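Q: Need a 3D model of the following:
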Amino acid sequence: MRKTTPILIKWLEPKRDAGKESTVKVKDIVRPSDRKKIRPGVTALVKWRSTGRIYKAIILSVLEGLPELTGDEVSTPPPSVNHPGSIPVAAPELDNTPLADPALHLEFMDEDSEDDLPIAALPTASRIPAANPTPPVHSAPSSTPSTPERACSPHQEPPSKEPCASAGQFKKLQEDVSSMKAEITAMKELMAAQNAAVTTQMGTLLEFVQDIKTQGQSLAGLIQNRIQRKAAKTTTPTTGAGMTPRILNPTIASSSPQPHQVSRNISPLYGMLDGDMVRIPVDENNPDIVISKNTYDTYFCASSSATSFARKLMQHFFAEEEMLKGNFDGGVVVTGGGKVEREPLNIPRRKALIAQVEREFSGCSKTYDEYSKLKVAINDKCRVLRRQTHT
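A: From the prediction side, this is the model:
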């Protein structure tokens, strides 16, 4: 089949021209794959020759018996799709009813669309001279006045309203842009006001936090001074010659430090303070132990003995897994399930723990008995932890 072979098609789009029929060439079919399967009922992409646009169309028949289209002319379609020289249409949905006027393939439409008319909508007489002109058929005069048809030639396009429509659309677009600019400006002003309000609130909140911090520091100093005054009242007063010392608190006075007794500090010494953190050094191979000052104060105030203070500090010196599997010295121990091998706790951290307890409870590790108490307390802490986790 040659590229200039005429084909009768029905347009499926655009919507305003759907259903119109036209005669096109094989080369007007855009896709090569559609050219290979040209037959009735096949949908293809076809170029609208007057505008160059591409739309979907369904092939009705191949007009093999008509002269080939060599230029821009359009061959006269048959009076019906069942022309002897064409391939019959098999699709049931197509309308194969012959038209009343054999000189025209389609009825000339009174109103066309704003786009270019399809080729088939033009009068056949103006498209191609007929080889055997058919005498015009004169119908009886009708009493109903007919609407005058608008003449169109192949080289004349119908008047378009696009310039006026484009001007109106452009004006509406300008109005929309101006409205959007006003909305954006209002949004910017609202966001600026909200940012200013948030900044003010943040400043107020920071001042409130600073006031609370100052009050907390004042309260801590007041408590420490009260503790010191209370401790001062329990000491033995200075007496003159021949006077018997007056004991204000026999219990505390009787437990005054002796050569091998433990002495608890009135207030914690901490050691190294890094802001609000207590830093306890271990050695060059282990990182420092860091505890918040508030937590450290809580441990110290709640501990009445060195062993109690050591138990509370252990969770910061040793990991839970290490305490579950080990004890102070390690080695084989006898449990309810038999003999078990325990691993020794980290020696540098263990020494740092005892040194820190000694700092706050002077004399707690100077004698064998006191050192043994710390050792038992540490092992007992590991044992209690194993019972809680059932290991």
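Q: Show me where the protein has its helices.
A: Ranges of helices within the chain are 32-35, 124-127, 162-233, 250-254, 293-301, 306-317, 320-325, 347-360, 368-389, based on DSSP state H.
Q: Among those helices, which comes closest to residue 23?
A: Closest to residue 23 of these is helix 124-127 (C-beta to C-beta; 8.7 Å). All C-beta atoms are positioned from the backbone trio N, CA, C, and that covers glycine.
Q: With mean neighbour count, distance to residue 26 and mean pLDDT added, can I get the helices of the chain in CSV?
A: Shown next, in CSV, are those (neighbours: other C-beta atoms under 10 Å; distance: least, C-beta to C-beta, whole Å; pLDDT from 0 to 100):
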stretch, mean neighbour count, distance to residue 26, mean pLDDT
helix 32-35, 12, 6, 86
helix 124-127, 17, 18, 43
helix 162-233, 10, 32, 83
helix 250-254, 10, 118, 37
helix 293-301, 16, 91, 94
helix 306-317, 20, 89, 94
helix 320-325, 15, 83, 92
helix 347-360, 19, 92, 94
helix 368-389, 15, 86, 92
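Q: nearest to residue 50, of the ones you listed?
A: Judging the helices of the chain by C-beta to C-beta, what sits closest to residue 50 is helix 124-127, at 11.8 Å.
Q: how much space is there between the closest residue in space to residue 8 that isn't next to it in sequence and residue 6?
A: Nearest residue to residue 8, sequence neighbours excluded (C-beta to C-beta, 6 or more residues apart in numbering): residue 60, at 4.4 Å. Per C-beta to C-beta, to the nearest Å, residue 60 is found 11 Å from residue 6.
Q: can you check residue 319 too?
A: Look at residue 319 and residue 6: by C-beta to C-beta, they are 91 Å apart.
Q: higher neighbour count, the two?
A: Comparing residue 319 with residue 6 by other C-beta atoms under 10 Å, the one with more neighbours is residue 6, at 24 against 11.
Q: In this protein, where's the longest strand?
A: strand 53-62 (DSSP state E).
Q: buried sites along it?
A: Neighbour-count burial for strand 53-62, counted by 16 or more other C-beta atoms under 10 Å, picks out 55, 57, 58, 59, 60, 61, 62.
Q: Identify the residue spatially nearest to the first one, adjacent ones excluded.
A: In space, and not counting its chain neighbours, residue 55 is closest to residue 13: 4.6 Å by C-beta to C-beta, 6+ apart.
Q: Wait, that neighbour touches residue 58, no?
A: No - if you go by C-beta atoms under 8 Å, residue 13 and residue 58 don't touch, sitting 10.8 Å apart.
Q: hmm, back to that, what's the closest of the buried residues of strand 53-62 to residue 373?
A: Distances from residue 373 to the buried residues of strand 53-62, taken by C-beta to C-beta, are shortest for residue 55, at 99.2 Å.
Q: Can you name the residues that contact that closest one?
A: The neighbours of residue 55, taking C-beta atoms under 8 Å, 6 or more residues apart in numbering as the test, are 11, 12, 13, 14, 17, 45, 46, 48.
Q: who's it bridged to?
A: residue 46 (DSSP bridges).
Q: That one and residue 198: what is the separation?
A: Computed as C-beta to C-beta, the residue 55 to residue 198 distance reads 57 Å.
Q: Please read off the pLDDT at the residue nearest to residue 8 from the model.
A: Here, the pLDDT recorded for residue 60 equals 91.
Q: repeat for residue 367
A: 92.
Q: ditto for residue 159
A: With respect to pLDDT, residue 159 scores 52.
Q: Kindly report the same for residue 103.
A: Residue 103 carries a pLDDT value of 39.
Q: do the one 5 residues further on as well
A: Note for residue 108: predicted pLDDT of 33.
Q: and if you look at residue 28?
A: Looking at residue 28, its pLDDT reads 89.
Q: now swap in residue 247 and tell me
A: Note on residue 247: pLDDT of 37.
Q: same question, residue 63
A: Reported pLDDT for residue 63: 82.
Q: Could you point out the bridge partners of it in the sheet?
A: residue 86.
Q: before we move on, back to that, turn the helices of the chain into a markdown table, including distance to residue 284.
A: Formatted as a markdown table, the helices of the chain follow (distance: least, C-beta to C-beta, whole Å):
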| stretch | distance to residue 284 |
| --- | --- |
| helix 32-35 | 79 |
| helix 124-127 | 103 |
| helix 162-233 | 34 |
| helix 250-254 | 42 |
| helix 293-301 | 24 |
| helix 306-317 | 17 |
| helix 320-325 | 20 |
| helix 347-360 | 9 |
| helix 368-389 | 24 |
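Q: between the ones you listed, which one is nearest to residue 270?
A: Counting by C-beta to C-beta, residue 270 lies closest to helix 293-301 out of the helices of the chain; the figure is 6.7 Å.
Q: could you say what helices and strands that closest one packs with?
A: If you count contacts as 3 or more C-beta pairs under 8 Å, 6 or more residues apart in numbering; DSSP states H and E, helix 293-301 packs onto strand 277-280, helix 306-317.
Q: quick one: the residue nearest to residue 8 from residue 13, how far?
A: 16 Å.
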